[in-house]
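J.: Predicted model follows, preceded by the sequence.
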Amino acid sequence: MNLLTSINMALRNIRANKTRAFLTMLGIIIGVSSVIVLVAIGQGSSKSVADSVNSLGTNLITVNIMNTDTPYTMDDIGQVQKVYGVKSISPVLTGRVTVQNGSTSTQVALTGTNADYLTTRQLSVGDGRFISTIDDQYRQKEVVLGSQVAQTLFGSASPVNQSVLINGNRYNVIGVLNTKGGSMGQSSDQSVFIPFSTAQRLLQTTHITQFYAQADNQQDVNIAMAGIQRAVGQVYSNTDDYTVINQQDVMNAMDSVTQTMTMLLGGIAGISLLVGGIGIMNIMFVSVTERTREIGIRKAIGAKRRDILLQFLIESTVLSMIGGLCGVAIGLLAGWIYTTVTGGLAVYSITVIVFAFLFSALIGIIFGVFPANKASKLSPIEALRFE
Amino acid sequence: MTETMISLKKIEKTYKMGQNTVHALDHVSLSIEEGDFVSIVGPSGSGKSTLMNTMGCLDHPDSGEYVLGGSHVDSLKDWQLADIRNQKIGFIFQNFNLLGKLTALENVELPLIYRGTKAKERREQAMASLAQVGIEERAEHLPNQLSGGQQQRVAIARALVGQPSILLADEPTGALDSRTSEEIMDLLIALNKEGRTIILITHDLHVARKAKRTVSISDGKLYEGEHVL
């Protein structure tokens, strides 16, 4: 019996039981479409994280000092400044403060830093100016507001040359940053910036816990990193006391997180695909019992075991492949709805789509084998006697 | 005059029913010539179904020798028996046993599908077979759109389509009224006149007497003539 005739026969049987066929396929449809959608959303969010990390610039090197016993000083920063490949350095002090304008107040993150911060973090000033080196030298009580902070405290009015109270001290607003958007809970839009020396006094600390360095260019990032590591290593002998990471490291870390998430989502969807396969097996078993007499007739007129096996196997495979196709269509549709409704990013991968489809076909074969085998082993005499 | 189509020698078949062993076939020997029309009569439980299954290559005998059209079939494997059924035997059943989802034509085509005949030839042969039993105008009908007599004609067409050596009819008129029974019997007689070997299994003596030769079976033993009835 040739394959085309078999497929034709399988399609007829499926068409004869439309509702049942649809319900059987539902598991596969849900499985395939959720694999496609969830992986697309996972990869989409991974891409948007990568984009936001990249927006900080690929030349950025971040140094964190974890040792609080031995302070890292401005002199030590000066040593790092001399490292080959380092263009600029911005030490930062961070804390949470209350900023008040008249009766409006808000809790924001405060960053004490220097003039180079603007270039190291690739920010831009929308109104007024950023902190200058002189401000830092003279411990000027001046503040630059993030766009959202300015919006909260001053509404649509320009805050430049106005004053705000930071933890009760009066600071002059010298500028407002452009909206940048942020990632991982750190948004410059919701921060305020004051000169580094002023921040040391405000936060009552001389410790530098973090600084950013900008490499000359992308090629020199690794050389600069090695140099910085050596310079910081002269202060702290224990490598656990500090970390030096570049954007690539951050990206890799984020990648592994989103990859795990994508795998997890794909795994859950894969399980539903498996459950769908069990549904197919179930129905095929029912179908074999229902059609015992048909199997007997076919065997009596000359069908071999192989013919019966193939017939049921093809039927379950055709069933799951139709389910797979529907699943692909619904998956693409659902992804489209997701992107239009939430504005999120969904990245489709042809590999995943093809894989999900082939996997559904494979499931049809695997879970079709047992019922088909049962059918093929029926004795023709018993089967003909079956009512 | 003609050669032997079926030769059964000392066929034995036993079943275990609980504690008892039932001799469904007890050293049955039977020889049927080509072109013969033999009816096998016997009450239910006499072993005629087992004899039919054995002759139809649906079942293996426990012992004995069975030669069908020159080939020993008692020792063949299941897949070889399937080929024999497909090529040498045409089955006609009491309840027609047509596939309900297939049209009359497709039902008749089935044996040829398992034989691997090409679609076009298959269609032509199936149509010719339907014409032979006089029902070609119903080719596209489903079995449930046909009367009992028409369904049995389709079943006979299906049995004929593969040009088998023998036709095995198991109570072919059992589910039909007397008038359609007559028609079906007339059809079988006509087919026999064309040279087909027919074996008819029935419990109805009236039907059995239409055959050229009658053998009877009782408690697994075979007798020539209407021995037991």
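T.: Ah, there it is.
J.: what's the helix or strand for the residue in chain B positioned nearest to chain A?
T.: Chain B approaches chain A most closely through residue B:86 (2.4 Å), counting by C-beta to the nearest C-beta. C-beta coordinates here come from the backbone N, C-alpha and C atoms, glycine included. Applying DSSP states H and E as the criterion places residue B:86 in helix B:78-88.
J.: what helix or strand is the residue of the stretch 151-300 of chain A found nearest chain B on?
T.: Residue nearest to chain B within the stretch 151-300 of chain A (C-beta to the nearest C-beta): residue A:297, separated by 4.8 Å. Here residue A:297 sits within helix A:292-300, counting by DSSP H and E.
J.: Wait, the residue of chain B closest to chain A touches residue B:116, no?
T.: No - applying C-beta atoms under 8 Å, one finds residue B:86 not in contact with residue B:116, separated by 9.9 Å.
J.: Tell me, how many residues neighbour residue 166?
T.: Chain wasn't specified; assuming chain A. Close neighbours of residue A:166, defined as other C-beta atoms under 10 Å in any protein chain shown, add up to 21.
J.: that's the wrong chain, I meant chain B
T.: 23.
J.: which phi and psi does it have?
T.: Note on residue B:166: its backbone torsions stand at phi -130, psi 150 [degrees, to the nearest 10].
J.: Can you name every helix or strand that the helix or strand just after the helix holding residue A:297 contacts?
T.: Remark: after helix A:292-300, the chain's next helix or strand is helix A:305-342, criterion DSSP H and E. Other helices and strands packing on helix A:305-342, by 3 or more C-beta pairs under 8 Å, 6 or more residues apart in numbering or on different chains; DSSP states H and E, are helix A:3-16, helix A:18-54, helix A:247-290, helix A:292-300, helix A:350-377, helix B:78-88.
J.: Apply 6 Å and report the result again.
T.: The helices and strands touching helix A:305-342, judged by 3 or more C-beta pairs under 6 Å, 6 or more residues apart in numbering or on different chains; DSSP states H and E, are helix A:3-16, helix A:18-54, helix A:247-290, helix A:350-377.
J.: Now these in TSV, please, with extra columns for mean pLDDT and mean neighbour count.
T.: Output for the helices and strands packed on helix A:305-342, formatted as TSV (pLDDT from 0 to 100; neighbours: other C-beta atoms under 10 Å in any protein chain shown):
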stretch	mean pLDDT	mean neighbour count
helix A:3-16	84	15
helix A:18-54	86	21
helix A:247-290	86	17
helix A:350-377	91	19
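J.: What pLDDT is listed against residue 186?
T.: This is for chain A. At residue A:186, the model reports a pLDDT of 64.
J.: was after chain B, sorry
T.: At residue B:186, pLDDT is 92.
J.: Contact partners for residue A:89?
T.: A:80-81, A:211, A:213 (C-beta atoms under 6 Å, 6 or more residues apart in numbering or on different chains).
J.: part of a helix, is it?
T.: No - per DSSP: H, G, I helix; E, B strand; the rest coil, residue A:89 lies outside any helix segment and is strand.
J.: Just grab the bridge partners of it for me.
T.: residue A:213 (DSSP bridges).
J.: One more: the one 5 residues further on?
T.: Under DSSP bridges, the beta-bridge partners of residue A:94 are residue A:111.
J.: Check what pLDDT it gets.
T.: For residue A:94, the predicted pLDDT is 86.
J.: So which residue is dead centre in the chain?
T.: All of this is about chain A. Residue closest to the average C-alpha location in chain A (C-alpha atoms, centre = their mean): residue A:46, at 3.1 Å.
J.: actually it's chain B I care about, not the one you picked
T.: Note: chain B centre (C-alpha atoms, centre = their mean) maps to residue B:168, 1.3 Å.
J.: Downstream of the helix holding residue B:86, the next helix or strand is which one?
T.: Past helix B:78-88, the next helix or strand by DSSP H and E is strand B:89-92.
J.: now the strands for the stretch 51-200 of chain A?
T.: Taking DSSP state E, counting those that start in this stretch to define them, one finds strands in the stretch 51-200 of chain A at A:60-65, A:86-101, A:104-113, A:125-128, A:142-145, A:163-166, A:169-177, A:191-195.
J.: quick one, the longest one and strand A:191-195 angle?
T.: For strand A:86-101 and strand A:191-195, the angle between their directions (axes from the mean of the first three to the mean of the last three C-alpha atoms, to 10 degrees) works out to 110 degrees.
J.: got the buried residues for strand A:86-101?
T.: A:86-93, A:97, A:99-101 (16 or more other C-beta atoms under 10 Å in any protein chain shown).
J.: related to what we said a few turns ago, for the residue nearest to the centre of chain A, what are its contacts?
T.: residue A:258.
J.: try residue A:91
T.: Per C-beta under 6 Å, 6+ apart, neighbours of residue A:91: A:77, A:196, A:208, A:211.
J.: Restricted to helices, list those.
T.: Residues of the contacts of residue A:91 located in helices (DSSP state H): A:77, A:196.
J.: The contacts of residue A:91, buried ones only, as a ChimeraX selection?
T.: Selection command for ChimeraX covering only the buried members of the contacts of residue A:91, criterion 16+ other C-beta under 10 Å:
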select /A:77,196,208,211
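J.: near chain B, which residues of chain A show up?
T.: A:1, A:5, A:16, A:294, A:297, A:300-304, A:307, A:380-381 (C-beta under 6 Å from any C-beta of the partner chain).
J.: ok, of these, which come out buried?
T.: Counted by 16+ other C-beta under 10 Å, the residues of chain A next to chain B give A:1, A:5, A:294, A:297, A:300-304, A:307, A:380-381 as buried.
J.: Any residues of chain B in contact with chain A? List them.
T.: Going by C-beta under 6 Å from any C-beta, the residues of chain B near chain A are B:53, B:58-59, B:79, B:82, B:85-86, B:91, B:97, B:99, B:101, B:110-111, B:113-114.
J.: Check these for burial and list the buried ones.
T.: Neighbour-count burial within the residues of chain B next to chain A applies to B:53, B:58-59, B:82, B:85-86, B:91, B:97, B:99, B:101, B:110-111, B:113-114; the criterion is 16+ other C-beta under 10 Å.
J.: domains in chain A, as residue ranges please.
T.: A:3-52+A:253-385, A:68-235 (automatic domain parsing).
J.: Please convert those domains to TSV, extending it with distance to residue B:36.
T.: Shown next, in TSV, are the domains of chain A (distance: least, C-beta to C-beta, whole Å):
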stretch	distance to residue B:36
domain A:3-52+A:253-385	22
domain A:68-235	93
